[in-house]
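Undergrad: Got a predicted model here, sequence first, then my questions.
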Amino acid sequence: MKRGKRILVVCHCLLNANAKVVPLATCPGVCMEPLRASIEAGVGLVQLPCPETVAMGMRRFGMTKEQYEHAAFRRQCRAMLEPVLDQIQAFAAAGYEITGLVGVDGSPNCGVRTTCFGYEGGEISAPESNIPEQLANITFGPGQGVFMEELLAGLGARHIDVPLFAVEESNPEQLVAVDRRTS
């Protein structure tokens, strides 16, 4: 039997940087460094869907958590997550070790410790819009992204506890264990 029976759940863009908002990709495809140890140890990977690509496609602008914070988007996240949660639950029920869940800090959806805030809305091409002011209001602060909140709630509802890890969007080479008490 060659199965390692260990699974790491990974945000979509760590296995496919092509899904990131232009120009935020930091590698051509797979972000190997934060995942290398798990891959070399024979841990299987479950790739989460990219909620931004599913909902907005590839021509989307970068957005903040407030822009994704909407009941319809949260429903869509839960619908996207249902088959993934079923898969994780099936692995756990079969005795597989879920070694962790890896998110991307700074993301409005997949942030584990930090997410981005600040856009106030409005038409950016309108003469009265103030794009520099809007950009100046964008900050990164403590909190989870919308998709991550829904994923953790779904895991909690199924009584599945997994260690959390974060990759910093500005430094994707490093994988950091997250203390849930502080996240």
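TA: All right, it came through fine.

Undergrad: Please count neighbours and contacts with C-alpha atoms only from this point.
TA: Noted.

Undergrad: phi, psi of residue 40?
TA: phi -70, psi -30 (degrees, to the nearest 10).

Undergrad: count of residues packed around it?
TA: 8 (other Cα atoms under 10 Å).

Undergrad: Let me know the pLDDT of it.
TA: Residue 40 is assigned 96 on the pLDDT scale.

Undergrad: Could you measure from it over to residue 2?
TA: For residue 40, the distance to residue 2 equals 14 Å [Cα to Cα, to the nearest Å].

Undergrad: Go through stretch 55-68 and flag the buried ones.
TA: Residues of stretch 55-68 classed as buried by neighbour count (16 or more other Cα atoms under 10 Å): 63-66, 68.

Undergrad: An error on my part: the question was meant for stretch 33-52.
TA: 34-35, 38, 43-52.

Undergrad: now stretch 150-157
TA: 150-152, 154-155.

Undergrad: Export the lengthiest helix in the chain to CSV, keeping only CA atoms.
TA: What stands out as the longest helix in the chain, according to DSSP state H, is helix 71-93. C-alpha atoms of helix 71-93 as CSV (Å, rounded to 0.1, in the frame of the first residue of the first chain):
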residue,chain,number,x,y,z
ALA,A,71,-24.9,37.6,1.3
ALA,A,72,-25.0,36.3,-2.3
PHE,A,73,-21.3,35.9,-2.5
ARG,A,74,-21.2,34.1,0.8
ARG,A,75,-23.9,31.7,-0.5
GLN,A,76,-21.8,31.1,-3.6
CYS,A,77,-18.7,30.4,-1.4
ARG,A,78,-20.7,27.9,0.6
ALA,A,79,-21.9,26.2,-2.6
MET,A,80,-18.4,26.1,-4.0
LEU,A,81,-17.1,24.6,-0.7
GLU,A,82,-19.8,21.9,-0.3
PRO,A,83,-18.1,19.3,-2.5
VAL,A,84,-14.7,20.1,-1.0
LEU,A,85,-16.0,19.7,2.5
ASP,A,86,-17.6,16.4,1.5
GLN,A,87,-14.1,15.3,0.1
ILE,A,88,-12.3,16.4,3.3
GLN,A,89,-14.9,14.7,5.5
ALA,A,90,-14.5,11.5,3.4
PHE,A,91,-10.8,11.5,3.9
ALA,A,92,-11.1,12.2,7.6
ALA,A,93,-13.7,9.5,8.1
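
Undergrad: hey, which helix or strand in this structure has the poorest pLDDT?
TA: Lowest mean confidence among the helices and strands of the chain (mean pLDDT, DSSP states H and E): helix 131-137, at a mean of 81.
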